[in-house]
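[1] what shape does this take:
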Amino acid sequence: MVAVTELTNLAIDLIDVRKAYGRTIQALRGVNIQVGRGEVFGLLGPNGAGKSTLVKIIMTVVRPDHALGTILGRPLGNRKKLAVTGYLPEALRLPAYLTGRSALTHYAALARVPRAARERRADELLERVGMREWGQVRVSKYSKGMLQRLGLAQALMNDPELVFLDEPTEGLDPLGRRQIREMLQELRRKGTTVFLNSHLLSEVESVCDRVAILVDGMVARQGTLSELTEHTIEYLITVSGELEPLRERLESCGGRLEGHTVVVAGHDTGRLNQAIDVLRSEGRMIESVIPHRFSLEDVFVEVLGQGAGAVRTARPASAAG
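    Below you'll find the model as predicted:
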């Protein structure tokens, strides 16, 4: 028998994913997303953008109107690949009568994890998420943050190759969020692919290799953080002295005035040097020249202002060619 080879070296390759609810709600309008193996990939978007719907389609919880693509090299919905996929849904509900530990072993059994392995993994993961002392306590006694920790442990019980985390730090305190970030970094080092759906931009910026921004059911931007912010670099020239008389000459160099600061946008250092020459020729004292690259939050706000019409994508290096 000839072995079946995997169709792609991407962990996730989605093509033209569409989903409508009735005639009026277009949740997803042709989403294309590629995630390389071993990446921590972040999905951003405002409320109602379709983020959770997209994850549910990949996990076969929601049926799409149209979807092509692969998960871990096999077509969407492949049972063998779903068996090695972890999932933490938003607002996970666990049976209240189960203890934390029994909930973990229960879900691991549903994923067909062998008994010995699930008993061992339950203890390891309870320890890792800081819930060891609560393992024998019923879930009904848990706070929201504790439920979130247990939900993350649940998503990792089958030692997944790919894990989907929908708002994994919801309800956690700063220490809990830091522990989750550390776990994500551990998963990356292990080679696990993580698909992170979050509205916390600072969290995504600190842990993700690549990001997609979903707006109105479409991917408006996709790429590494440096690719997304590449076009937003600018130089801030702080000057002592009046700048208004020099406005026309500075604007001809691509600069704009903000009080005692001249802002020169873009990577063109030639325009930066022209602005500096104008200031020096007019005897202005230059106090500092500082390069500034926008944050992911700045890019996110920019995208929301433009709407989903301006689509910019960048495939991972593994997808080149």
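[2] which residues does residue 280 contact?
    residue 286 (CB atoms under 8 Å, 6 or more residues apart in numbering). Using the backbone N, CA and C atoms, a C-beta is placed for each residue, glycine as well.
[3] scratch that, residue 59
    82, 85, 87, 164.
[4] and the host helix or strand of residue 31, what does it pack against?
    Assigning secondary structure by DSSP states H and E places residue 31 in strand 25-36. Applying 3 or more CB pairs under 8 Å, 6 or more residues apart in numbering; DSSP states H and E, one finds that strand 25-36 contacts strand 10-21, helix 51-58, strand 193-197, strand 210-215, strand 218-224.
[5] who are the contact partners of the residue nearest to residue 247 when sequence neighbours are not counted?
    Distance criterion CB to CB, 6 or more residues apart in numbering; nearest residue to residue 247, sequence neighbours excluded, is residue 257 at 5.8 Å. Listed by CB under 8 Å, 6+ apart, the contact set of residue 257 reads 243-244, 247, 250, 263.
[6] and the furthest pair within those?
    By the measure CB to CB, 244 and 263 form the most distant pair in those, at 15.0 Å.
[7] which one's more surrounded, those two?
    residue 263 (16 against 7; other CB atoms under 10 Å).
[8] tell me which stretches of the stretch 151-300 of the chain form helices.
    For the stretch 151-300 of the chain, the helices defined by DSSP state H, counting those that start in this stretch cover 174-190, 201-207, 225-229, 247-252, 269-281, 296-306.
[9] tell me what the last one is packed against?
    The one in question is helix 296-306. Counting contacts by 3+ CB pairs under 8 Å, 6+ apart, helix 296-306 packs against helix 201-207, strand 210-215, strand 218-224, helix 225-229.
[10] distance to residue 101 and mean pLDDT added to the ones you listed, as a markdown table?
    Formatted as a markdown table, the helices and strands packed on helix 296-306 follow (distance: least, CB to CB, whole Å; pLDDT from 0 to 100):
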| stretch | distance to residue 101 | mean pLDDT |
| --- | --- | --- |
| helix 201-207 | 28 | 83 |
| strand 210-215 | 35 | 92 |
| strand 218-224 | 39 | 90 |
| helix 225-229 | 38 | 80 |
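[11] would a markdown table of those with distance to residue 41 and mean neighbour count be doable?
    Below are the helices and strands packed on helix 296-306 laid out as a markdown table (distance: least, CB to CB, whole Å; neighbours: other CB atoms under 10 Å):
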| stretch | distance to residue 41 | mean neighbour count |
| --- | --- | --- |
| helix 201-207 | 10 | 18 |
| strand 210-215 | 5 | 24 |
| strand 218-224 | 10 | 22 |
| helix 225-229 | 12 | 17 |
